[in-house]
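**Q** Output the structure for:
(chains A and B)
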Amino acid sequence: MVVIETPRSPRSRKAAKFERWGWLYMRISGMFLLVLIFGHLIINLVMNGGITQISFAFVAGKWADPFWKIWDGLMLWLALIHGTNGMRTIVNDYTERETLRKVLNYTLWVVCVSLIVLGTLVITTFDPCVDSSVSHTLSVCK
Amino acid sequence: MPTKPAGTLYRGKTGMWSWVLHRITGVAIFFFLLVHTLDTALVRMSPADYDKVIATYKGAIIGFAELGLVAAILFHALNGIRVTLIDFWSKGTKYQRVMFWVVIALAVILFAGFAPRHIMNVIHDIELGY
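**A** Prediction:
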């Protein structure tokens, strides 16, 4: 049986605190993402031929500067947590069975953490000369 | 004279539609983000495979789908400012409806600036044989 809690039934103090931080996080990270993603789109998708310029060499060129590594790293962390928390809100709104809700939310956070770990490792251990057959054209590898 | 009941379906007007659009665009952007993190991870493993995947981003199908992605990001970002203003600005709720139309107008203007440029870039790359 699906039990719908009365609208005035209080959350636990811990759950209420978590929701408040989540609410605040969405707004603060949103303002950062506004700058980070618009900047990302202008540099990668609008200027200098837009999408046509994107290649391994383009990424290697950008990541030669720590500025863009930090930019992309921040974007990765903030966007994945922002997106996962948004999906969590949607799951909480539409799931009726408690087990399904927990399974979906658990899956979301596992995916989120995995991608943050993967992406952070990719940025921090990036090697422009990883493949000699491609990177021989890059001046840093000569 | 009594009027006919309006029915029980919730009709929240612009406030409701901005909420609906915010959810739909948010989910779409989330799934793109998952794919985009994975495709970018290829730069650590194989530059050749990364360039191959990026070539599909420059192709006709994904190239034009990117227009939808940018439209979704524009709406979600601008409406996000509106949501934040409703929460933190004392006059936010009073102007929420006006702000919705400002969001739509700005999104349309920015999209109109982006779309022709992007379409030309995609067509240019298709001609190059991607």
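**Q** show me where chain B has helices.
**A** Applying DSSP state H to chain B gives helices spanning B:13-41, B:47-57, B:60-88, B:96-127.
**Q** Nearest to A:Thr95 among these would be which one?
**A** A:Thr95 lies closest to helix B:13-41 among the helices of chain B, at 14.7 Å (C-beta to C-beta). Every C-beta, even on glycine, is put in place using the N, C-alpha and C of the backbone.
**Q** Can you give the distance from the closest one to the centre of its chain?
**A** 7 Å (C-alpha atoms, centre = their mean, to the nearest Å).
**Q** What are the buried residues along it?
**A** B:18, B:21-22, B:25-26, B:28-30, B:32-33, B:36-37, B:40-41 (16 or more other C-beta atoms under 10 Å in any protein chain shown).
**Q** got any ranges where chain B has weak pLDDT?
**A** Counting by pLDDT under 70, the ranges of chain B that qualify are B:1-6, B:127-130.
**Q** Oops, could you answer that again for chain A instead?
**A** Along chain A, the model assigns pLDDT under 70 to residues A:1-5, A:7, A:10, A:132-137, A:142.
**Q** same thing but at 90, please
**A** A:1-19, A:47-53, A:55, A:96-98, A:127-142 (pLDDT under 90).
**Q** can you tell me which residues contact A:Leu34?
**A** A:Leu34 makes contact with B:77, B:80-81, according to C-beta atoms under 8 Å, 6 or more residues apart in numbering or on different chains.
**Q** circling back: would you mind giving the helices of chain B as TSV with distance to A:Ala60 added?
**A** Formatted as TSV, the helices of chain B follow (distance: least, C-beta to C-beta, whole Å):
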stretch	distance to A:Ala60
helix B:13-41	12
helix B:47-57	8
helix B:60-88	22
helix B:96-127	20
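**Q** gap between the spatially closest residue to A:Ser55 that is not a sequence neighbour and A:Ala57?
**A** Leaving out its chain neighbours, the residue that sits closest to A:Ser55 by C-beta to C-beta, 6 or more residues apart in numbering or on different chains is B:Asp51, at 5.4 Å. Counting by C-beta to C-beta, to the nearest Å, the gap from B:Asp51 to A:Ala57 is 9 Å.
**Q** And for B:Ile29?
**A** 27 Å.
**Q** A:Glu19 against A:Ser12, yeah?
**A** No - here A:Glu19 lies out of contact with A:Ser12, judged by C-beta atoms under 8 Å, at a distance of 10.5 Å.
**Q** which of these two has more neighbours?
**A** A:Glu19 (13 against 8; other C-beta atoms under 10 Å in any protein chain shown).
**Q** Contacts only, for A:Leu78.
**A** Counting by C-beta under 8 Å, 6+ apart, A:Leu78 has contacts A:29, A:32-33, A:36.
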